[in-house]
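Q: no FASTA, just this:
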């Protein structure tokens with residue numbers, strides 16, 4: 001029963017992320033937390049994401065610009081400590097509400113055709129990465145600024161997926177090392193991780209196959225719909241009593 005309770009959410013989440021490059025947590029986390037404790041789910045997600053983003057990277061990593069990834073990572077590292085500082089100043093619910101409304105509004109604007117591509121300069125990459133670092137430090141959510149940036153730039157699906165895979169994979173490696181150093185990855189986590197690997201592999205590979213066949217226009221629509229769902233979910237979590 002435990003394999004089914006964990007395997008189905010992992011399959012659905014990895015299917016979505018294998019196709020779009022993000023969205024695993026959006027589908028998997030609520031379902032997993034319904035059956036398992038957060039202390040088990042969080043390190044499990046980090047390990048699963050490490051394997052999943054590695055697979056997506058292998059599929060489309062050749063489309064990634066090292067300069068783009070380097071700029072985003074530098075900005076992300078710079079924004080991490082200020083994000084932790086912000087978390088100490090404001091309630092987490094207020095931060096989630098602000099981030100959720102911003103992500104939802106921005107994704108809706110992009111869906112309606114409003115785009116203002118940024119110049120391909122280092123300062124732009126650092127700024128996007130810094131915003132990602134702020135969210136990572138304050139809410140443990142690094143994806144939305146990078147996703148919005150790529151959608152605003154009109155990146156094709158291979159560049160979109162490869163950039164997200166490279167960025168998330170780098171973060172996953174660092175987070176895994178930190179979790180190991182803190183002893184947060186225990187035997188029950190590893191047992192559930194290995195039990196979920198078949199579902200993860202099936203979902204990720206099916207998502208990769210779908211990504212290759214989905215037309216560019218439909219891919220961008222799907223990515224924005226998922227991003228809007230992420231923003232609404234974040235907003236809803238902030239408004240819970």
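A: Here it is on my side, so go on. Bear in mind that the values here come from a model prediction, so they are computed numbers and not experimental data. Residues are numbered from 1 along each chain as shown.

Q: residue 164 touches residue 150, doesn't it?
A: Yes: Residue 164 is within contact range of residue 150, at 7.3 Å (criterion: Cβ atoms under 8 Å). The C-beta positions use only the backbone N, C-alpha and C, and glycine is treated the same way.

Q: so the two - more neighbours on which side?
A: The neighbour comparison of residue 164 against residue 150 (other Cβ atoms under 10 Å) goes to residue 164, with 27 against 24.

Q: what helices or strands is the longest helix that the chain contains leaning on?
A: Longest among the helix segments of the chain by residue count, using DSSP state H, is helix 187-213. Using 3 or more Cβ pairs under 8 Å, 6 or more residues apart in numbering; DSSP states H and E, the elements in contact with helix 187-213 are helix 2-20, helix 38-60.

Q: what's near enough to touch the nearest residue to residue 207 once chain neighbours are set aside?
A: Sequence neighbours aside, residue 18 is the residue nearest to residue 207 in space, at 2.2 Å (criterion: Cβ to Cβ, 6 or more residues apart in numbering). Neighbour list for residue 18: 52, 55-56, 203-208, 210-211 [criterion: Cβ atoms under 8 Å, 6 or more residues apart in numbering].

Q: save those residues as JSON lines, and put in neighbour count too.
A: Shown next, in JSON lines, are the contacts of residue 18 (neighbours: other Cβ atoms under 10 Å):
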{"residue": "52", "neighbour count": "26"}
{"residue": "55", "neighbour count": "20"}
{"residue": "56", "neighbour count": "27"}
{"residue": "203", "neighbour count": "28"}
{"residue": "204", "neighbour count": "28"}
{"residue": "205", "neighbour count": "15"}
{"residue": "206", "neighbour count": "15"}
{"residue": "207", "neighbour count": "27"}
{"residue": "208", "neighbour count": "20"}
{"residue": "210", "neighbour count": "16"}
{"residue": "211", "neighbour count": "21"}
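
Q: let me know the closest of these to residue 186.
A: Distance to residue 186 across the contacts of residue 18 (Cβ to Cβ) is lowest for residue 52, with 21.0 Å.

Q: state the distance from the closest one to residue 221.
A: 23 Å (Cβ to Cβ, to the nearest Å).

Q: list of residues touching stretch 38-53?
A: Stretch 38-53 has contacts (Cβ under 8 Å, 6+ apart) with 6, 10, 14, 17-18, 24-25, 28-29, 32-33, 36, 165, 168-169, 172-173, 175-176, 179, 184-186, 188-190, 192-193, 196-197, 200, 204.

Q: ok, 6 Å please
A: For stretch 38-53, the external contacting residues (Cβ atoms under 6 Å, 6 or more residues apart in numbering) are 14, 17, 32-33, 165, 168-169, 172, 175-176, 179, 184-185, 189, 192-193, 200, 204.
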